[in-house]
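Peer 1: Got a predicted model here, sequence first, then my questions.
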Amino acid sequence: HDTVSATIVSCGVWEVRETILTLAVCESDASGVVVDFGAQIGWFTLLAASCGREVIAIDSDSENRRVLRASVERNDWMSRVSMRHQWIDKLSPPLVYASQDENPIRLAKIDVEGAERDAVRMLWPPIEAGLVDHLLVEISPVFDDYYPDLVSDLVDAGYEVYLLPDRKST
């Protein structure tokens with residue numbers, strides 16, 4: 001009973017452009033884990049798992065995790081998906097995962113409604129080491145005014161920035 005579920009039921013997809021980008025990265029030949037900050041009910045987690053990716057799904061809402069777990073179990077992807085119940089804020093520790101030495105992060109999707117800087121900070125050690133291939137970060141200026149600095153930091157770290165067109169303009 002949420003917007004994501006209702007949109008998936010009525011349209012068959014959630015966030016079309018982001019879905020296309022996620023599938024393009026996950027279906028590529030490169031190895032690597034996917035980290036889904038703000039996994040919600042797991043649309044992007046499930047896309048990555050369907051491509052055979054190892055996924056770390058992070059969300060602070062227990063009901064979202066329950067729904068995601070049910071979907072993961074139904075698809076028999078428990079060995080691919082690690083779920084973490086975690087609030088993301090300035091006290092969150094750097095991200096650590098079991099296979100980080102041999103398995104870089106292919107994609108980190110960040111949609112955490114104003115805590116993007118904290119999620120990027122959690123990823124900063126592997127970002128600095130060149131171990132995060134792609135970032136898909138939802139940025140909305142309604143939450144904070146630090147976004148230009150965050151984008152600048154990511155550009156300085158070597159990322160190219162792309163702006164997806166406004167949904168109303170397409």
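Peer 2: Now that the structure is in, tell me what you want to look at. Numbers count the residues shown, from 1 in each chain.
Peer 1: if I look at the residue positioned nearest the centre of the chain, how far off is Val33?
Peer 2: Centroid check for the chain by Cα atoms, centre = their mean gives Lys109 as the closest residue, at 2.1 Å. Distance of Lys109 to Val33, computed by Cβ to Cβ, to the nearest Å: 12 Å. (Each C-beta comes from the backbone N, C-alpha and C, glycine too.)
Peer 1: about what we covered before: thought the residue nearest to the centre of the chain was touching Leu21?
Peer 2: No. Under the criterion of Cβ atoms under 8 Å, Lys109 makes no contact with Leu21, lying 9.3 Å away.
Peer 1: what touches both of the two?
Peer 2: Leu136 (Cβ atoms under 8 Å, 6 or more residues apart in numbering).
Peer 1: Pairing partners for the host helix or strand of Lys109, with directions?
Peer 2: If you go by DSSP states H and E, Lys109 is part of strand 105-110. Paired strands of strand 105-110, with direction, are strand 33-37 (parallel), strand 132-137 (parallel) (DSSP bridges).
Peer 1: Need these in CSV (columns: mean pLDDT).
Peer 2: What follows is the strands paired with strand 105-110, written out as CSV (pLDDT from 0 to 100):
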stretch, mean pLDDT
strand 33-37, 97
strand 132-137, 95
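Peer 1: Select, out of those, the one closest to Phe44.
Peer 2: For the strands paired with strand 105-110, the distance to Phe44 is smallest for strand 33-37, at 5.1 Å, taking Cβ to Cβ.
Peer 1: Determine the angle, from 0 to 180 degrees, between the following helix or strand past that closest one and strand 132-137.
Peer 2: Following strand 33-37 in sequence order, the next helix or strand is helix 43-50 (DSSP H and E). Orientation check (axes from the mean of the first three to the mean of the last three Cα atoms, to 10 degrees): helix 43-50 against strand 132-137 gives 150 degrees.
Peer 1: same for helix 43-50, what does it pack against?
Peer 2: On a contact count with 3 or more Cβ pairs under 8 Å, 6 or more residues apart in numbering; DSSP states H and E, helix 43-50 meets helix 16-26, strand 33-37, strand 55-59, helix 62-74.
Peer 1: Run the chain-centre distance for the second one.
Peer 2: If you compare the mean C-alpha spot of strand 33-37 with that of the full chain, they lie 5 Å apart, counting by Cα atoms, centre = their mean, to the nearest Å.
Peer 1: and what of the longest one?
Peer 2: Distance of helix 62-74 from the chain centroid (Cα atoms, centre = their mean) equals 16 Å.
Peer 1: about what we covered before: how far off strand 55-59 does the strand holding Lys109 point, in degrees?
Peer 2: 20 degrees.
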